[in-house]
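1. pasted the sequence and its predicted model underneath.
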Amino acid sequence: MPWTADDAPRHTHKATTVRLCELWAKVANDCLERTGDEGRAIREANAVVARNAAETS
C-alpha cells in the first residue's frame, strides 16, 4: 500500500510543509519498492525530510 503526503505527519514531526510531506511520501514509496522493507522506507524518508527541513530553516 503506497503512502501519501497525508501519512507523513504520523511518522515525522519535521514534515511541516506540503512540499516536505510530498517528499516524504516519494522517498518512502521509492524505498519500499526498492527494498520491500516498510521500516527501512519510513526511516529513509524521515532522514531525507529531516535533512531538507534543516536546510530550509
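-> Now that the structure is in, tell me what you want to look at.
2. element containing Ala15?
-> Using DSSP states H and E, Ala15 is not contained in any helix or strand.
3. ok, the one 10 residues further on next?
-> Ala25 belongs to helix 18-35 when elements are defined using DSSP H and E.
4. which strands and helices sit next to the helix or strand following that helix?
-> Sequence-wise, the next helix or strand downstream of helix 18-35 (DSSP H and E) is helix 38-56. On a contact count with 3 or more Cβ pairs under 8 Å, 6 or more residues apart in numbering; DSSP states H and E, helix 38-56 meets helix 8-11, helix 18-35. For the C-beta atoms, the positions are set from N, CA and C on the backbone; glycine is no exception.
5. so what's the residue nearest the centre of the chain closest to, chain neighbours aside?
-> In the chain, the centroid-proximal residue (Cα atoms, centre = their mean) is Trp24; its distance is 2.2 Å. Distances taken as Cβ to Cβ, 6 or more residues apart in numbering place Ala8 nearest to Trp24, at 3.9 Å, with adjacent residues excluded.
6. one step back: averaged pLDDT, the helix holding Ala25. What do you get?
-> Mean pLDDT, helix 18-35: 97.
7. give me the contact list for that helix.
-> For helix 18-35, contacts defined as Cβ atoms under 8 Å, 6 or more residues apart in numbering pick out 2-9, 11-12, 14-15, 37-38, 40-42, 44-46, 48-49, 52-53.
8. kindly report the same for stretch 48-57.
-> Ala8, Thr12, Lys14, Ala15, Thr16, Leu20, Leu23, Trp24, Val27.
9. at 10 Å what do you get?
-> For stretch 48-57, the surrounding residues in contact (Cβ atoms under 10 Å, 6 or more residues apart in numbering) are 8, 11-17, 19-21, 23-28, 31.
10. just the buried residues of the residues you listed.
-> Listed as buried from the contacts of stretch 48-57 are 8, 11-12, 14-15, 20-21, 23-25, 27-28, 31; burial here means 16 or more other Cβ atoms under 10 Å.
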